[in-house]
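1. give me a model of this one.
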Amino acid sequence: MFGAPTPRQFFLILLLVVLGFLLPLVLPQYFLFIGNMLMMYTVLALGFDILVGWSGQFAFAHIAFFGIGIYGTALLNIRLGIPFIIGMPIAATVAGLTGFLIGMPATRLRTIYLALATLAFAECAQWLIRTWDSLTNGADGVKIPAQQVFGYVAGTDGSAFPIVALILAIVLLSVLFLSTSKFARSLGAIRESEHVAAASGINVAFVKVLAFTISAVYASIAGSIFTLFQSFVDPDALDARSLVLMLSMLVVGGSGSIPGVVIGVALMGVLPEVLRFAPSNLLVWQEFVYGLIVILAVMFMPRGIWGIVQTRVRRKISASARHAHVQGTQNSQSKPD
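-> So this is what the prediction gives:
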């Protein structure tokens, strides 16, 4: 480790847990549902950002691992009676192993070839879920029973909210530790230049596969969260729209940083609900709006909203330092000899 989360970061995570238990007491079910969705998308986007933002690998198999988390956790409970607290790590392990196996050949590709190969895997996974009727019930989907965590039943948005908040807090804490580790430094070096990273002694292939594996685990955890507050899932939940949504979250908020991911999730995650109440039934234009926002963000905010915030803060700090330096110089010159 090169460091650890700061006391302020620990406080914010603790605050998240406290709010997770308090907000269900005062907020209506609709807002709790939105909160659960945003927290789930935060876990999903954080895992995706490890590949895209941290290491610069444009791999699009993330949505398939999300599906492994959903169907794995739900089917283990339905078919074998395995509770959520055990089903979630089993599904995450399966997703991680699958990510490792897929990552070994896929991460040897680059740019558009990596994107196409991983997108093909995601499409194959959705096809398998849609056609394997005996296991997944095919296109008819699966009715998800109310999950139990140590006897606590998460059958509604309100009852699921504290559990989702607790899982998100653990994920955030783990990502914060990862972000200060040698692993994150290696990913940053690979993102800048694989040749320079290899010359520096970094095992590029291993680090990329490890990033792919960790990303798959986080995606599966997000899928398990889905089963806490949703009562039904079908293959349409794993289509290209979810991938576009994840990309737009990273581009708008700012990839490569936890605050950027959170900002992107908050803004793009509520967009469908905003469009739902907009005039002229604009929800049918959802994909167009996402695409337009991504294009505008790439053109005018290449580092996302968080990148703009960081740039302005640095400019203010630099301006303040220059002003203080000038004032100090003037004061020293005005003193009599």
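2. sec struct for I82, please.
-> coil (DSSP: H, G, I helix; E, B strand; the rest coil).
3. for it, give me its contacts.
-> If a contact means CB atoms under 8 Å, 6 or more residues apart in numbering, then I82 has 76, 90 as its contacts. For glycine as for every other residue, the C-beta is placed from the backbone atoms N, C-alpha and C.
4. how about a cut-off of 10 Å?
-> I82 makes contact with 72-73, 75-76, 88, 90-91, according to CB atoms under 10 Å, 6 or more residues apart in numbering.
5. packing partners of the helix or strand containing L114?
-> Element membership for L114, per DSSP states H and E: helix 111-131. With contacts taken as 3 or more CB pairs under 10 Å, 6 or more residues apart in numbering; DSSP states H and E, helix 111-131 sits against helix 62-80, helix 84-106, helix 133-136, helix 240-253.
6. among the ones you listed, show me which one is buried the most.
-> Burial of the helices and strands packed on helix 111-131 is given as mean neighbour count (mean count of other CB atoms under 10 Å); helix 62-80 ranks first at a mean of 24.
7. and the helix holding L114, what's buried?
-> For helix 111-131, burial by neighbour count (16 or more other CB atoms under 10 Å) applies to 114-115, 117-119, 121-123, 125-126, 129-130.
8. how close does the spatially most central residue of the chain sit to V289?
-> Centrality entry for the chain: nearest residue to the mean C-alpha point is A45, 1.5 Å, by CA atoms, centre = their mean. Distance from A45 to V289, counting by CB to CB, to the nearest Å: 18 Å.
9. shouldn't the residue nearest to the centre of the chain be in contact with S257?
-> No. In this structure A45 lies outside contact range of S257 using CB atoms under 10 Å: 11.5 Å.
10. any residues in contact with both of those two?
-> Residues touching both A45 and S257 (CB under 10 Å, 6+ apart) are 53, 250.
11. mind pulling up the pLDDT for V284?
-> pLDDT for V284: 63.
12. please read the previous query as pertaining to L22.
-> So, for L22, pLDDT stands at 94.
13. low-confidence regions, the stretch 51-200 of the chain specifically.
-> Along the stretch 51-200 of the chain, segments meeting pLDDT under 70 are nowhere present.
14. tell me how far the helix or strand P272 falls within lies from the chain's centre.
-> P272 belongs to helix 271-276 when assigned by DSSP H and E. Put simply, helix 271-276 sits 20 Å off its chain's centre (CA atoms, centre = their mean, to the nearest Å).
15. also stretch 21-30?
-> For stretch 21-30, the distance to the chain centre is 24 Å (CA atoms, centre = their mean).
16. restricting to C-alpha, output it in PDB.
-> Output of stretch 21-30 as PDB, limited to C-alpha atoms (Å, rounded to 0.1, in the frame of the first residue of the first chain):
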ATOM      1  CA  PHE A  21     -30.600   3.400   8.100                       C
ATOM      2  CA  LEU A  22     -32.200   6.800   8.700                       C
ATOM      3  CA  LEU A  23     -33.600   7.800   5.300                       C
ATOM      4  CA  PRO A  24     -36.000   4.900   5.000                       C
ATOM      5  CA  LEU A  25     -37.800   6.400   8.000                       C
ATOM      6  CA  VAL A  26     -38.500   9.700   6.300                       C
ATOM      7  CA  LEU A  27     -38.400   9.200   2.500                       C
ATOM      8  CA  PRO A  28     -41.300   7.800   0.400                       C
ATOM      9  CA  GLN A  29     -40.800   4.500  -1.400                       C
ATOM     10  CA  TYR A  30     -40.300   6.100  -4.800                       C
END
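17. isn't L16 up against A165?
-> Yes. Using CB under 10 Å, L16 makes contact with A165 at a distance of 5.7 Å.
18. which residues touch stretch 146-156?
-> For stretch 146-156, contacts defined as CB under 10 Å, 6+ apart pick out 24, 29, 32-33, 36, 73-74, 77, 83-85, 87-88, 145, 159-164, 166-167, 224-225, 227-229, 231.
19. for it, buried residues please.
-> For stretch 146-156, a neighbour-count test (16+ other CB under 10 Å) marks 146-147, 149, 154 as buried.
20. for G20, state which of those is nearest.
-> Closest approach between those and G20, by CB to CB: A154, at 12.1 Å.
21. tell me how far the closest one lies from G47.
-> In terms of CB to CB, A154 sits 22 Å off from G47.
22. re earlier: and the contacts of I82, which two are the farthest apart?
-> Pairwise distances across the contacts of I82 peak at 12.7 Å for L75 and M88 (criterion: CB to CB).
23. shared neighbours of the two, which are they?
-> Common neighbours of L75 and M88 (criterion: CB under 10 Å, 6+ apart): 82, 227.
24. please enumerate the strands of the stretch 201-337 of the chain.
-> 232-233 (DSSP state E, counting those that start in this stretch).
25. if we can go back for a sec, what helix or strand is the residue nearest to the centre of the chain on?
-> Using DSSP H and E, A45 falls in helix 29-49.
26. number of nearby residues for L292?
-> By the other CB atoms under 10 Å criterion, the neighbourhood of L292 contains 12 residues.
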